[in-house]
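A.B. asks: okay, predicted coordinates and the sequence, questions at the end:
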Amino acid sequence: MADVSQLMEWTFYEEVPVPEDIQDLLIEGEVTETAYKTVRDVAVVTNKRFIIADKQGITGKKVEIYTIPFKSIDMYSSENGGRLDLNAEIELWTRSGHFKLNLNKKVDIRKLDKLIATYIL
């Protein structure tokens with residue numbers, strides 16, 4: 001299990017179609033909004049939370065799934081990429097800890113920023 005007292009960090013590379021198997025994780029009334037390619041798997045944003053899968057081991061058959069409910073986010077910040085720093089960042093402060101999402105230049109930071117604002121405000 002992850003130690004969330006440390007800063008947890010993920011990188012979103014680009015927007016991708018929402019995987020079919022994510023439906024098994026959703027609760028009643030939860031709908032997917034978008035999905036992003038991560039290093040070895042995918043992160044899905046729903047109307048209720050972030051779902052981030054983290055494949056582990058050489059074969060990647062072991063998967064740890066993190067859920068960050070929007071209702072647990074106390075504060076967030078977004079920083080768009082500049083000329084020299086092409087990656088953008090979103091940081092989330094929650095009751096459980098501090099999370100950082102690094103966004104590749106292919107990810108529309110304003111779209112993700114607006115989704116977060118829509119569901120936490």
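C.D. replies: Noted; the coordinates are in hand. Numbering: from 1, shown residues only.

A.B. asks: and the strands in this protein?
C.D. replies: 8-12, 14-16, 32-37, 42-46, 49-56, 62-69, 73-79, 88-94, 98-103 (DSSP state E).

A.B. asks: for the fifth one, packing partners?
C.D. replies: Using 3 or more Cβ pairs under 8 Å, 6 or more residues apart in numbering; DSSP states H and E as the contact criterion, the secondary-structure elements in contact with strand 49-56 are strand 42-46, strand 62-69. Where C-beta positions appear, they are placed from N, C-alpha and C, glycine not excepted.

A.B. asks: contacts for that strand next, please.
C.D. replies: For strand 49-56, contacts defined as Cβ atoms under 8 Å, 6 or more residues apart in numbering pick out 10, 22, 25, 30, 38, 40-45, 61-70.

A.B. asks: now it: mean pLDDT?
C.D. replies: Here strand 49-56 scores 87 as its mean pLDDT.

A.B. asks: centre of the chain to that strand, how far?
C.D. replies: 8 Å (Cα atoms, centre = their mean, to the nearest Å).

A.B. asks: same check on the second one?
C.D. replies: Between the mean C-alpha location of strand 14-16 and the chain-wide mean there is a distance of 12 Å, by Cα atoms, centre = their mean.

A.B. asks: deepest in the core, which of the strands of the chain is it.
C.D. replies: strand 42-46 (a mean of 22; mean count of other Cβ atoms under 10 Å).

A.B. asks: tabulate the helices and strands packed on strand 49-56 in a markdown table, adding columns for mean pLDDT.
C.D. replies: Formatted as a markdown table, the helices and strands packed on strand 49-56 follow (pLDDT from 0 to 100):
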| stretch | mean pLDDT |
| --- | --- |
| strand 42-46 | 96 |
| strand 62-69 | 89 |
